[in-house]
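>>> the following comprises the amino acid sequence and a computationally predicted model.
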Amino acid sequence: MLTPREAARLMGISYPTIKHWILTGKLKTSRTPGGHHRISEATLKPFLAKDREKPAAESRERYRRVSGRNQLSGKVVSVRIDGLLAEVVLAIGDVRMTAIITADAVRELQLKKGDTAAALVKSTDVMIERLDDPR
């Protein structure tokens, strides 16, 4: 059973979208004793199958796959934009990891201090993936 946030990530959609689907009855859930929604993977299969039928440009499939396996999740400690580049510092446990990415990427991801993000490490390059909803 998945939390709504986990199901949203699996499907490549936003957390508010999945909450809307739950509240409008589009997506069936089970409730925990505490009243929290849980979603079975079987419930998601029709949505994923329907998405696979769409043309590649419209499918959310590309958002569900990232080739990099060295993904380090953490909190954004700072974001500094200077011209075309931005410095993003993540706190991963007791470690600080710095990535230099484009200013456009920071704006597109709407990254700010306190956000949850992942550093995707490939050789000497570090990429940033947003893990939570920017709202």
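Everything's here; your move.
>>> can you give me the helices in this protein?
4-11, 15-23, 41-52, 61-64, 103-109 (DSSP state H).
>>> could these go into JSON lines alongside distance to Asp125 and mean neighbour count?
Placement of C-beta: from N, CA and C, glycine included. Formatted as JSON lines, those follow (distance: least, C-beta to C-beta, whole Å; neighbours: other C-beta atoms under 10 Å):
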{"stretch": "helix 4-11", "distance to Asp125": "23", "mean neighbour count": "19"}
{"stretch": "helix 15-23", "distance to Asp125": "28", "mean neighbour count": "16"}
{"stretch": "helix 41-52", "distance to Asp125": "29", "mean neighbour count": "12"}
{"stretch": "helix 61-64", "distance to Asp125": "19", "mean neighbour count": "12"}
{"stretch": "helix 103-109", "distance to Asp125": "13", "mean neighbour count": "15"}
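>>> need these in TSV with mean pLDDT, can you?
Shown next, in TSV, are those (pLDDT from 0 to 100):
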stretch	mean pLDDT
helix 4-11	86
helix 15-23	90
helix 41-52	87
helix 61-64	56
helix 103-109	92
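>>> which regions of this protein lie under the pLDDT threshold?
56-71, 123-124 (pLDDT under 70).
>>> residues near Leu131, how many?
Per other C-beta atoms under 10 Å, the neighbour tally for Leu131 reads 15.
>>> tell me who's in contact with it.
Arg9, Ser73, Thr116, Ala117, Ala118 (C-beta atoms under 8 Å, 6 or more residues apart in numbering).
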